[in-house]
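1. Structure for the following, please:
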Amino acid sequence: MNMKTTKQQAVDYMKAGKYIDAISLLVQLEKDEIKDWTLYYALGQCYRFSGQLTSAYQFLETAKQVNRLNAEIAYAFGEVSQLMFKNEEAVRAFEDVISLHPNRIAAYNKIGLIYARTGNIEEALAWFHRGMDRIALLEHAGVDISDEAYRHTLKATMELGFVFPHAKSEDTMDLQLIKAIIQNNIGVCFLEQGAGEDAEKLFCRSLGMVPAGAAYDDPAHYLQLMRRSREV
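-> Take a look at the predicted model:
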């Protein structure tokens, strides 16, 4: 199997979600001294989606060092860092994403979530509001961002002809959905601060923003919990 065929087979495995099989071919390419950021990124993502976070971190860190101007590498590195509880590194990576791609609203949300989960509610709220401000700016300018358009651009820039799937809805590019997600997360922060009424209003507002068919039920979940607590 020549190098071109090996790379295509690896991409086919990745598309099919056969990440372990893809890794064996990508490692073979690396041994053949094809060392570039695309290979390191692909290996990092395959290790990540196969649950091998230490290896994922190492390869994505290398990819980021080789290509510091790629927002998607920084985003993937931030996600793996977050999963490994390397919170400071994750925040820096998502800040890099915002510097390179200010309209990647999910990065603002990711930073907010990290601060919220580590107990720094005020800093979390600051980042959530920065995300909402950016959304308002885009809406005012009539800029529409979609997951489909982003994936199309990404395919061209990542040199793979393939984009790894988003792991969660909070990674979305869809402005309406990410707006609902951030609104919900602000509500969770308010709930943590004891502002139950304000939190409930935000959950209701967030629920009304979720696009039809979107797999995001957090606002409904929190509303149900609050209503159950009042019944006790």
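
2. which outside residues touch the helix or strand hosting Glu200?
-> In this structure, Glu200 sits in helix 196-209 according to DSSP states H and E. Contact partners of helix 196-209, identified using Cβ atoms under 8 Å, 6 or more residues apart in numbering, comprise 176-177, 179-181, 183-184, 186-188, 190-191, 218-220, 222-223, 226. To be clear about C-beta, it is placed using only N, CA and C from the backbone, and glycine gets the same treatment.

3. Recalculate using a threshold of 10 Å.
-> Counting by Cβ atoms under 10 Å, 6 or more residues apart in numbering, helix 196-209 makes contact with 176-193, 195, 216-227, 229-230, all of which sit outside it.

4. When you filter those residues down to buried only, what's left?
-> Among the contacts of helix 196-209, the ones that count as buried by 16 or more other Cβ atoms under 10 Å are 177-191, 216, 218-219, 222-223, 226.

5. can you tell me which of the residues you listed are in strands?
-> If you go by DSSP state E, those have nothing in strands.

6. Which residue, other than its chain neighbours, is closest to the residue nearest the centre of the chain?
-> In the chain, the residue lying closest to the centroid (Cα atoms, centre = their mean) is Asp171, at 3.6 Å. Closest residue to Asp171 apart from its sequence neighbours, by Cβ to Cβ, 6 or more residues apart in numbering: Ala106 at 5.1 Å.

7. How is the chain divided into domains?
-> As recorded under automatic domain parsing, the domains making up the chain are 1-101, 104-232.

8. export those to a markdown table and tack on mean pLDDT?
-> Converted to a markdown table, the domains of the chain look like this (pLDDT from 0 to 100):
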| stretch | mean pLDDT |
| --- | --- |
| domain 1-101 | 92 |
| domain 104-232 | 92 |
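
9. which of those domains sits most buried?
-> domain 1-101 (a mean of 18; mean count of other Cβ atoms under 10 Å).

10. and that domain, how far out from the chain's middle?
-> Centroid displacement of domain 1-101 relative to its chain, using Cα atoms, centre = their mean, to the nearest Å, is 14 Å.

11. what about the nearest residue to Leu191 once chain neighbours are set aside, distance to Arg227?
-> Nearest residue to Leu191, sequence neighbours excluded (Cβ to Cβ, 6+ apart): Ala199, at 4.0 Å. Distance of Ala199 to Arg227, given as Cβ to Cβ, to the nearest Å: 12 Å.

12. ok, now Ala93?
-> On the measure of Cβ to Cβ, Ala93 and Arg227 end up 38 Å apart.

13. Show me where this protein has its helices.
-> Along the chain, counting by DSSP state H, helices occupy 3-15, 19-31, 37-49, 53-66, 71-83, 87-100, 105-117, 121-141, 147-158, 175-192, 196-209, 218-231.
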